[in-house]
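In: Need coordinates for the following:
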Amino acid sequence: MAAFCLRKLIHQATKNETTCLSRCFGSFLKPMIQKTPFASLWATTVGTKQRLVFVQTKSFSSGVDTNPEPGGKKKKVTPTTFGSVGRKIPSQIVQLIDEKGVSLGNMHRAEVIQLMTERELKLVPLNLDAEPPVYGLMTGQQIYAEQIRRKKAKASSGTGPCELKEIRLSSVIAKHDLETKIKQIRQWIDKKHHVKISVLKKNEDPETMPLLFAKIFEAVSEKATYQSQPAIVGKKYVCVLRYIADTELQKQNVEEVKDNKQSDIRKKHGSEATISNELQ
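Out: Residues are numbered from 1 along each chain as shown. Below is the predicted model of the structure:
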């Protein structure tokens, strides 16, 4: 009923700007309506003629909004780096792990902040997807050590996608330029990418191309192997190098050791046979 009366009063005030009602009540209609929780419109005075204009606003309320305004969906915020969150704990109840790795159970965020302050520790998120989310108390040294551990694990895991990189060379490339190209190839191999090497075929000595590829392969053979051997493709000599895994490298080293042993045995038997023939 109060809202209906106020709206009727506003309508009368705006109907005739020269009336006494507009001059007398126009100045305090705005604060009156702003304090009314039932009103969805309030009036403001603009221009030189003090014209009343309706502006859509949202009434103040301490309750939960059952009809939220349309808008974009909130994106889930996930921490990209491991570190302290300070006192910003969005959840009221969290599961807490102390600096020794002992679970303290579910605690209210006020108790967590108090405990963090008393022990002079920092709060870090451990598992925000759990229910309730898991947080841990750590010292600055523990946080730094964990950051280093995660950085090393990320570097060794090689989670980045494997890409095919290409590098083009000239058969008459200078020594310094070749060293620069080999350095670039090593960087790509370290990132576990495949590297395609293309050399334009010219009228040089046919042995020049194999020697060039052999020199490049020798420089990166500790971490790379051939995905495809050097071959003529159109007007180019092309080969593809790939990163060689540690397990594959160990297996390759074992096979080389076996081959060397067998070669030594054959040489030994051959020398013994030669000596016996000479004695006969």
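In: Look up the closest residue to R109, ignoring the ones flanking it.
Out: Leaving out its chain neighbours, the residue that sits closest to R109 by CB to CB, 6 or more residues apart in numbering is I89, at 4.1 Å. Any C-beta I mention is one placed from the backbone N, CA and C, and that applies to glycine too.
In: where do the helices sit along the stretch 151-280 of the chain?
Out: 175-190, 208-220, 246-279 (DSSP state H, counting those that start in this stretch).
In: tell me which helix or strand of the protein sits lowest on mean pLDDT?
Out: For the chain, scoring each helix and strand by mean pLDDT, DSSP states H and E identifies strand 41-46 as the least confident one, at a mean of 44.
In: so the residue nearest to R109 touches P125, yeah?
Out: No - using CB atoms under 8 Å, I89 is not in contact with P125, being 9.2 Å away.
In: Quick check: neighbours shared by the two?
Out: Common contact partners of I89 and P125 (CB atoms under 8 Å, 6 or more residues apart in numbering): Y135.
In: So Q229 versus S84, what's the distance?
Out: 53 Å (CB to CB, to the nearest Å).
In: next one: A2
Out: Taken as CB to CB, the span from A2 to S84 is 51 Å.
In: can you check C239 too?
Out: Distance from C239 to S84, by CB to CB: 50 Å.
In: and this structure, what are its domains?
Out: 2-56, 93-157, 164-246 (automatic domain parsing).
In: what number of residues lie near L212?
Out: Each residue near L212 was counted by other CB atoms under 10 Å, and the total is 21.
In: Just list the residues touching it, thanks.
Out: Going by CB under 8 Å, 6+ apart, the list of residues near L212 reads L169, S171, I173, V199.
In: can you tell me which residues contact the third one?
Out: Which is I173. Contacts of I173 (CB under 8 Å, 6+ apart): K181, L212.
In: what do you get for the first one?
Out: The neighbourhood of L169, defined by CB under 8 Å, 6+ apart, consists of L178, K181, I197, S198, V199, L212.
In: Show me what it bridges to in the sheet.
Out: V199 (DSSP bridges).
In: pLDDT score assigned to it?
Out: Listed pLDDT for L169 reads 88.
In: measure it to R87 for me?
Out: 58 Å.
In: re earlier: between A2 and S84, which one's more packed in?
Out: S84 (15 against 10).
In: related to what we said a few turns ago, of all pairs in the contacts of L169, which one is the farthest apart?
Out: L178 and S198 (14.3 Å; CB to CB).
In: re the thing from before, neighbours of the residue nearest to R109, just the number please.
Out: 19.
In: remind me which residues of the stretch 51-200 of the chain are low pLDDT?
Out: 51-80, 156-161 (pLDDT under 70).
In: So which residues of it form strands?
Out: For the stretch 51-200 of the chain, the strands defined by DSSP state E, counting those that start in this stretch occupy 51-56, 93-97, 103-108, 122-127, 134-138, 164-169, 194-200.
In: so what does the last one touch, helix or strand wise?
Out: Packing partners of strand 194-200 (3 or more CB pairs under 8 Å, 6 or more residues apart in numbering; DSSP states H and E): strand 164-169, helix 175-190, helix 208-220, strand 236-243.
In: likewise the fourth one?
Out: Helices and strands touching strand 122-127, by 3+ CB pairs under 8 Å, 6+ apart, are helix 109-119, strand 134-138, helix 140-157.
In: Take the ones you listed and write them to CSV, including mean neighbour count and distance to F217.
Out: What follows is those, written out as CSV (neighbours: other CB atoms under 10 Å; distance: least, CB to CB, whole Å):
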stretch, mean neighbour count, distance to F217
helix 109-119, 14, 57
strand 134-138, 21, 47
helix 140-157, 12, 25
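In: Distance to T208 for those - can I get that in a markdown table?
Out: Shown next, in a markdown table, are those (distance: least, CB to CB, whole Å):
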| stretch | distance to T208 |
| --- | --- |
| helix 109-119 | 69 |
| strand 134-138 | 60 |
| helix 140-157 | 38 |
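In: Any idea which of the ones you listed gets closest to K235?
Out: helix 140-157 (39.4 Å).
In: Quick one: end-to-end distance for stretch 83-97.
Out: 15 Å (CA to CA, to the nearest Å).
In: likewise stretch 88-101?
Out: End-to-end distance (CA to CA), stretch 88-101: 22 Å.
In: List of residues touching it?
Out: Residues contacting stretch 88-101 (CB under 8 Å, 6+ apart): 103-109, 112-113, 115, 119, 121, 123, 126, 130, 132-139, 142.
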